[in-house]
Every structure is written in C-alpha cells, then in structure tokens.
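>>> Quick one, what's the 3D model for this:
(chains A, B and C)
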Amino acid sequence: MEHPLKQILALVVVLEISVATACGGGGGGETTDSEADGGAPAGAGSVVSPDSAATITGTVSFEGTAPAAEPIDMSEEPTCAEKHPDGAMRQQVAVTDGRLANVYVYVKSGLGDRAFPTPSAPVTLDQNGCRYSPHIVAVQAGQSLAIMNSDGILHNINTQPTENRGFNISQPVVMETSREFSRPEVMIPVKCDVHGWMGAFIGVQSHPYANVSGADGSFSLADLPPGEYEIEAWHELYGTQSQTVTVGVKETAEVSFTFNSDMAGNHVPMGEPIVLR
Amino acid sequence: MPESASTFGAGIDSIYYIILWITGAIFVLVETALIVFIIRYRHREGRVAVHTHGSKKAEIVWTVIPFILVLFIVYASNDIWLQVKRADQEGAAPADALRLRVVAKQFEWNVTYPGPDEELDTSDDFVKRNQLHVPIGRAVRIDLGSEDVIHSFFLPDFRVKQDAVPGMTIPVWFEATRTGEFPLACAELCGLGHYRMRASLTVHEADDFDRWQSEEIESGSPAADADASDSETADENKVNEGEESA
Amino acid sequence: MTTPQLLAPNVSAQHWADPSHPDDRPFIRKYVFSTDHKTIGNQFMFMSLFFLMIGGALAMMIRWQLGWPGLPMPGGGVLPETMAPGGILLPEFYNSLVTMHGTFMIFFAIMPLLVGMFGNWLIPLHVGASDMAFPRLNMMSFWTAVPAGFIMLASFAVEGGAAGAGWTAYPPLSAVPEYSGVSTGQQLWCVSLVILGFSSLMGAVNYITTIVNMRAPGMTWLRLPLPVWALFITAILILLAMPILAGALIMLLFDQTIGTTFFLPETGGQPLMWQHLFWYFGHPEVYILILPAMGIASEVIANGSRKPVFGYPAMVGAIIAIAFLGWIVWGHHMFQSGMNPLLGSSFMLSTMIIAVPSAIKVFNWLGTIWRGDIHLHTPMLNALAFVAMFVIGGLSGVFMASTPVDIYIHDTYFIVAHIHYVLFGGSLFAIFAGLYFWFPKFYGRMLNPTLGKIHFALTFVFYNLVFFPMHNLGLGGMMRRIYDPNQYGFLEPLQPMNTFISVFALALGASQLVFFFNILWSLWRGEKAPENPWSSNSLEWDLPSPPPHGNFEAMPAVYRGPYEYSYPGRGEDFWPQSEPPNGRRARVETSGAPVAEGVPQ
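Below is the predicted model:
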C-alpha cells in the first residue's frame, strides 16, 4: 500500500464516473405538471379576430329555498378566526336573491380542432382566513396557477385530480408557489389537511372559455368564434346541466341555468385520483 | 415537566425522580472517579503503572449491585405501568368512565362525544374537530383510532401517550385533577403536517361540562354518523353514503 | 487442545509478504479493485467520512430550522423550490432531512467506519493472518456498499424527494405515497438498504471465518485484542440481524409497488408487524453500532494507561452478554405502540438487565486507568471521552427503559439526547480514538497531534452543549421530528434553548473541519509514522507503517495476551505479543512443517 494520493485519486475518479453516469439520466427536484402529454398548445392557431368575436352570457339561478348556511368553527385557528369577526360560513351553496354563485360554466364542445395560446398571466388561488379564494378556479391547461398563502400559518394544498398529475405541497409561511395542470379536467378537488373545512375546485380547459358565476349569478364567455356550442354548468352539489347555443358573428347570446335543491342527487362523484406508485 | 393534571401523573413522576436520584448518584460517582483517576494517575517522570489483570471480587460487586438496582427500578415501575394500562384489572378504564372516541387523521383529531346518553354510536352523538372536553374528577376512556397513518395521542400534562394505529382501536384512559386548557399533540411522525397536528383539551367543572355539551348539541355540531371530515369538497365517501355535509 | 498447525490450517495458502518480490499489481488492482484488506479498510474510511459529512450537513440544516424557524437558510437558495423555496425549508423537506440524517449516519457512516474500516484494518493483523479468509468477497463487500450509498444520495433528486418517514420508516406512512408525499424516494431507500445489507453480510461472513480459522499459533481466543472480540460478536449480530431487515424492507417495497398489504390494515395487514420486524433487527443493530467502539476504547485505554485491560474475561463476557440479551429487548421501542402492555413489563425487565453488562464494562475501564500511568495522547483523550459520554447515554437509557416514564418521554427529545449520547458521545468518539490511533499504521503518517487536541477539545465542549440540553427539551415535552415547535404554546418557552443548541451545533459542525483538514493534510505532510508510535503490543505494531501486501513475512507466533503493559521487572512498559519469552524471535515454517522451537502451545 503506497502513495495515499493514488488511493484517493482512484476512489474519487471512480465515484465521479458513477455520479456523472447516474446524473445524466436523473432530473432535478423540480416538479411541474407540464408534461408533454396533452399540454397547452404552443401558440399556433386561432386568436379570434375582433371583427367576428361573439359572446355568450347568462345567469345561474336558484329555485326555491336555499339550504341554510352552515357556520364553520374556526376557534382552533385564531389567526383565521380573527379574519372572520362575524363568523365564516360554508361556501358550498352560495345563493343571493335567487342567484347561484360558484357555478363553473364552460364550453364543452363546438370549438373543433382550434388551438389556443396559453395565457402568460397566472391565475391566483389564495388562502386567506383559512378559506380558498376563489372557491372555484378556472384555469387553462399549461397556465400557471399561483397559489398564495396569505395567512402565514401552515396550509397544505392537496389536489386530487383524475386526469392530471396531482400534488400535495405545504406552505408553512406567507409564500407563493406555482403549479400547472397539463390536461383538461372538470373538476379537480383541492383540500387542506390542516384545516379540514377548506375546500375548492379547479377546472382546467384547453381553451379560455370558462367562467365562474358571481354572487349575482352572472357569467360571460367572451371572444368566442361564431358557431354552435354546448355549454355546461357545473355545481359541486347539484351536478351538471348543459345547453346548446348558436352564436353568430359579433353576436351576444343569452343562456341561463337553474338549479334547485332537488338536484342534490345529481352530484357528480369525484373519480379515483391517480395513485403515485 | 409540566405540573401533573391527572390522577396517575404523580405516580409516574415519582418513578422518574427515583430513577433520577439513582442515575444521578451513579453519574456523579463514575464521572468523579474518572476525573480523579485521570488527574491522580497521569504520567509523571518516573511513574510506573501497577500491573494487574483485574479482580474477581470487584467484578462480582459491580455486577451484583447494578443488578439489584435495576431490579428495584423494574419492580417500582411495573406497578404503576400496570395500573395505567389496566393490565391487571377488569376493563380498559375505571368503571363509570366517560367514553369518547378519538380518530386521528392527517392532520386533525376528530372527537366523538356520546352525548347525554353516554353511549357511543347513538343518535345524540356529536363530533368536534380538535377540541377535547372532559369533566374534572371523572375517569375518561378514549377509544383511539386512526384513519390513515400512525399518529400518537400525547397529553403532556396528563402523562398520557398512546400511538393511534390504523386498523386498531386502542383504549386510553385518564382522570383529570385540574380544570383548564391543555395541549394535545401528535407524537408520531405522520407527514408534512405532523408538527401542527394540535388540539386542545379543556377540563370543565362537572356542571360546566354538561352545559357545554347541551350548547354543542343545540348549535348543531355535525352528527357522528356523517363523515367526520366536514370538508367543503364533496368527496366519494359522502356521495356513496348519500349524505350531504351541507 | 490446539497445536499450532491446527490453529492455522491454511498456512500454506496464505500469501505472506515477500520483500524480494516487488508489489507489481497494476494500479486498478492495487487501489481500486483491491483484495488487500488494508486497502479496503482505507476505502471504507474515505467512503464513510464522506457520508459522515453528508449526515452532518443534513443535521446543520435541521438545526437551522429548529434554531430559527421559518427563516431562510443561508445558501438555501441553491435548493430547488420543492425543498426550500426562497431558502425557507418546507415541512416535507424537513421530514426528509431528519430521515436521511439518521439513515446516512447509522448505515453509511458509523456502521462502515466501525465494521468496514476497523474490521478490515484490524482483524487480519490482530489475528496474525496475511489477509481475510475471503479477500475477493471482501472487495465485493466494499463495492456493494458504494452503489448503496449512491442510491441513497440520489434519492434526493427524484420527484417527491428523499424518504421522509423517519429512519424507522413506519408504515402506513412509509408505504403509501399519498400520505408521505414521497414515492420513488421511499422505494430507493428500501432498495439501497437491501443492497447495503448484502455488503454487511459479506463482511460478516468474512470476519467470522477469519477470526475462527486464521489465528496464528499462540493466538488463543483469550489472547485476542478486544477489538477483535467485539468485531467477532458484532459480525455474528450482523449475520443474524441484517436478513431480518432485508425481509422487512422487501415486504415494505412490495407494499409500495406491487399492491401487497403486509403493513396496511385495509385488507388485513398489520402496521405493528413492521415495528416488530424492524426493531427485532433494530435493537441488535444498535449493539452493532456500539460493540466495536467498546473494543476500540478498551484497546486505546489500556495503551494510554500502560496497564492491562482490567477484567479481560469479564469484558469478553460482557460483550457476549450484551449481544445475547440484545435479541430480547426490542419491544422497548414499542412500549406505547399499542402492543400488549404485559409485553411492556417483560421487555422492561430484559432492557433493565442489559444495562448491567454495559455497567460492568464501564467499571472495568475505570479499573484499567486506576493506578495506571496515563498518557493523554489524542487517541486516549477521545477514548476517555467515550467512557464519560457513554455513561451519560447509558444512564439516560434507564429512564426510557422504565415503561411509565417512557409514556412521557417516548418520541421526545429525551430520546434524541440518548441516541446521540450513545452514538456520537459513544461510537463517534471511539471512532475518533481509533482513527487517531491507527491512521499512522495504515497511511504511514501521524495525524497532527496539535490539530488533534484542538479538534478533541472543540468537539467535546460543543457536543455537550448541543446534546445535553436536549434532555431538558424532552422533559419539557418537545416531540421528535417536528418542523416548528412554536406551533404549540407549551413549547414556545423552549425556543431559546433550541436556538442555543443550534448555535453550538453549527460550531460543532465547523469544528469537524479541523479533523477533515488534519486527515487530508497528514496524508501528504504528516510526520512519517514509525512502526510502533504508541508502544503498543498487538501484532500490527511489529510491521512497517503501512504494512506490505501480505502483512507478515512469515506466520507470526504469539506468546502472550495483548495487554502486558508495565510488566514488573522489564525495562520497557510494554511487551509485544510476538516477542518470545527469551527474546529470540522464532519462525514457523511457511510450508506447514512441524513447529519450530520456542513456539508456545
């Protein structure tokens, strides 16, 4: 056993070769959901010309008596309880003056093979006062979802999609994390395991024509190419309804949906989330 | 250690102190001997070590004495262990214990109260998340379970700790000796939220507990037979049961 | 009764050193794929010290988070967003940190240092053999450990990150990615340890065979240096324990990948079964991690005291007793697990009893230095620190052995304190002692004594400042493996203590740079080492530093035990094992012919 230098060199060379070989194939620790399968189209194709852009608008109504709003007991989380001095209510059925909010309305078919560019601006999902804001999120495939923790306490964002790769990430402090979904999916449930009452849904489309009804029940799908479309409205408790609408050049068509509490049985079950193995 | 808040806390603490005294004395003895020897027998000019291979007598002495000491500690400890675990008595908790169910899941504790009829799985049960309420001076038996991974039910002030294992229902009991609000912590790594899987235990005076219970039932806490998790995302379980968590 | 021929049946098969025949092995065979046990020992040293650094770096990150929760870590910006966005460690990454710190330290640092490095360095030389019984198997043992370590390191880079269920990997958390957030990383953890298990098993088989079969004439069992006894018993523990771990890991891997449910309750599996299997391995494993350290401590303390080991037969008996009893104490890791409480009583009894042989060893070390002529060279300082720290670790163990006290301290920092007192205060100080002692023999250079003493002093002081307060943290109720204790009101008052510990942990980490520098510096610039710098008695000190390939030029002969220091009436205060009683060195014919004169029976 002679020169230690040779000894060390030998070991280091061998280790370096093995590191290089292995690292050649491995990836970094980043996880983004932008796999190449079914991702957002790379900008080729139709931006609808303003000379012909049409619009579909409408209202979502609720018939009959809305179920009573249920309070959420946030006493275990003072940081959030303080943000709701009048108490917080569950967001599942948000009815105001006969109008239903938080209904996800989107173009289900009729766009043909058109490809749409992925918006560069992100969509924000905020956790504030231990509530998701918005409760229903509309995002395009490949579009960045900026998840914010405005509370500064631990939230985890646990998504359980069936068509996309989900994620379960934590945000222990005030911070922002970005994620994407690569495939259209209606709808991806989101929950926080630390605050069991928190819940949201994310709808992903390959096109920009999706909207969430506001407190007045209204929604608007603008800049559409003229044509015939199937429009679907999705509610987390009352299921889906669809209607066919034709809209001509620079026309605005009206469509309305009505839900009532008898439709609770139409609830669309969430499928089995993709299991990471 | 925090001041004990349970009936068997003092017993457990006394074992701790016995062991502290015994090990403390041994520690002082051994470390002092070590330091004294290092100083006293350090190399100096002309010093020669005493050539000896040992002493059978010494071996016997320092085998027998530690053996007796540890057996004493075992004997002292075992009584209180069996008392706490009720391995030598009828029933997993003292008779007339108030029975609760606690189910751990990532990352919350769901407590099912039996309601005024004091029977679990009846229609007057209700569930609270992360809030444990018990009356003072009465044994409480908890049937501990887990929905997902192993958690551990840790009440530091009560000297209570029991792993919650999925697939098992494990009884844990204690009797509070002080009123107040105390922490419940998870003491087994259970995922990213392990460090925040906290709840609070409130010990009430007896009539105060009854008042709290009536208030809870009146204000309509979720029924025990609905899914304990009242998340706003309607998941499969609820659909399959036809239950709404509205 | 043994005759010299029977003691060394393979005398003709051993390739002794031949000074007239130059070592013409090509570079690759000499330094890379070498079958020479000394080279393999060196390789284990470099590999293990590398992983010791990795384990230490992970610890620094853990302590950063605990000392300054939620604060961005300096340099954290280089970490990916999935681990530490903006340098703020995420809770799931923290769980991986505690998991991998334990995993690297136990499996890739302490075990290969004690068993791979010291086992290879010492066994053939101490028994008087030219090499191990199976030199090629020995080489495979090292080269199996390397990919295992590599896989473990690579697991940080896969999606979902490195394993995050603790080094104990309790299912269902470790079996189900939805629960832990880790999928591939957890599988690689299992695969890596299965491979490492093979490495250990190969080594164990080799060590046992060498020690049983290849002792030189006169090297009876009771003349073996204590490191050999310790390594022999350790090898038996490895042989019996590693397969259990491998079995459990494969079952866990199957649960993770092919849909079995050994440990998942949904279809009849039992989470507790993992705990039984793991700890049935796990408890003998911790004795694997301490016994060789005890052997090394005995060797260095006797040498530093210029006195025989006090109670050598009792020391051997205690090693055997610890190993034997170590198989019936595993349930003390499971007192609060939901296991039948009556088992708690029986495991408490066996656990308390196993304290006795450890106590016997401590008293015998005290007896060794008593009335000695104590030279506080660097190895001796570290060996004495080993005794002092091991006493604390062992005594803290008595608290958790008591089932009622364990109710409170289980899974708190009291346990973390105990672990680190026995593994760092114990094993690592003994490893330092052994490295400072034997480095000269295997590299031909002394480690710088001034740097050695500085390293010792800094390490000893900082180490105690870091780990002793953890007893208090545990008694305050601080749980293990929690990312931010301040989330609990009752733990907030402990934050200053956590910050205190973290400050000194960083200092402790920095102090190790002195050691690593000393090693690298001394390899090239260290004072050339004589044959016997410590005036020690065992066979390796008869040889050049480093010994040639084949070690001895002929079968050595052994005349006495290894601890005949300060024998009355002799001019010197040591008496090598191989020195004949009348001063003449006898030689046994290498052809296996009858014994030459003067060789003892």
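>>> any idea which helix or strand carries the residue nearest the centre of chain B?
In chain B, the C-alpha nearest the mean C-alpha coordinate belongs to B:K161, at 1.6 Å (Cα atoms, centre = their mean). Assigned by DSSP states H and E, B:K161 belongs to strand B:160-164.
>>> That strand and chain C, are they touching?
Yes. Applying Cβ under 8 Å from any Cβ of the partner chain, one finds strand B:160-164 touching chain C at B:V160, B:K161, B:Q162, B:D163. Every C-beta, even on glycine, is put in place using the N, C-alpha and C of the backbone.
>>> quick one: average pLDDT of stretch B:10-20?
Confidence for stretch B:10-20, expressed as mean pLDDT, is 97.
>>> what residues does it touch?
B:1, B:4, B:73, B:76-77, B:80, B:83-84, B:159, C:398-399, C:402, C:404-405, C:407-408 (Cβ atoms under 8 Å, 6 or more residues apart in numbering or on different chains).
>>> Go through it and flag the buried ones.
For stretch B:10-20, the neighbour count (16 or more other Cβ atoms under 10 Å in any protein chain shown) marks B:G11, B:I12, B:D13, B:I15, B:Y16, B:I18, B:I19 as buried.
>>> How about the residue in chain A positioned nearest to chain B: which residues does it bridge to?
The minimum distance from chain A to chain B, using Cβ to the nearest Cβ, falls at A:G199 (3.1 Å). Counting by DSSP bridges, A:G199 is bridged to A:K191.
>>> how much space between it and A:Q91?
Per Cβ to Cβ, to the nearest Å, A:G199 is found 8 Å from A:Q91.
>>> what does C:H126 give?
From C:H126 to A:Q91 the distance is 74 Å (Cβ to Cβ).
>>> So for those two, which sits in the more crowded spot?
In this view C:H126 and A:Q91 are compared by other Cβ atoms under 10 Å in any protein chain shown, and C:H126 has more residues nearby, 26 against 22.
>>> Assign a three-state SS to A:V105, would you?
strand (DSSP: H, G, I helix; E, B strand; the rest coil).
>>> Next one, pLDDT for it please.
Predicted confidence (pLDDT) at A:V105: the value is 95.
>>> before we move on, the earlier item: only whichever of the contacts of stretch B:10-20 are buried, select them in ChimeraX.
Restricted to buried positions by 16+ other Cβ under 10 Å, the ChimeraX selection for those reads:
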select /B:1,4,73,76,77,80,83,84,159 /C:398,399,402,404,405,407,408
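>>> Can you name the residue of chain B nearest to chain C?
For chain B, Cβ to the nearest Cβ, closest residue to chain C: B:G167, 2.5 Å.
>>> ok, that residue - contacts?
B:G167 sits in contact with C:P265, C:E266, C:G269, C:Q270, C:P271, where contact means Cβ under 8 Å, 6+ apart.
>>> for those, which one is nearest chain A?
Nearest member of the contacts of B:G167 to chain A, counting by Cβ to the nearest Cβ, is C:E266, at 13.3 Å.
>>> Tell me how many other residues crowd the closest one.
Other residues close to C:E266 by other Cβ under 10 Å number 10.
>>> A:K108: helix or strand, and which one exactly?
strand A:104-109.
>>> which stretch of helix or strand covers the nearest residue to C:L465 once chain neighbours are set aside?
Take C:L465 and drop its neighbours on the chain: the residue closest to it by Cβ to Cβ, 6 or more residues apart in numbering or on different chains is C:F504, 4.2 Å away. Per DSSP H and E, C:F504 falls inside helix C:495-525.
>>> Quick one: distance of that helix to the chain centre.
How far helix C:495-525 lies from its chain's middle: 19 Å, per Cα atoms, centre = their mean, to the nearest Å.
>>> For that helix, name the packing helices and strands.
helix A:4-25, helix C:37-67, helix C:429-443, helix C:449-475 (3 or more Cβ pairs under 8 Å, 6 or more residues apart in numbering or on different chains; DSSP states H and E).
>>> tell me the angle that helix makes with helix C:37-67.
Relative orientation of helix C:495-525 versus helix C:37-67 (axes from the mean of the first three to the mean of the last three Cα atoms, to 10 degrees): 150 degrees.
>>> C-terminal to the biggest helix by length in chain B, what's the next element?
The residue-count maximum for a helix in chain B (DSSP state H) belongs to helix B:9-40. For helix B:9-40, the following helix or strand on the C-terminal side (DSSP H and E) is helix B:56-85.
>>> That next one near chain C at all?
Yes. Contact between helix B:56-85 and chain C, assessed by Cβ under 8 Å from any Cβ, occurs at B:58-59, B:62-63, B:66-67, B:70-71, B:73-74, B:77-78, B:80-82, B:84-85.
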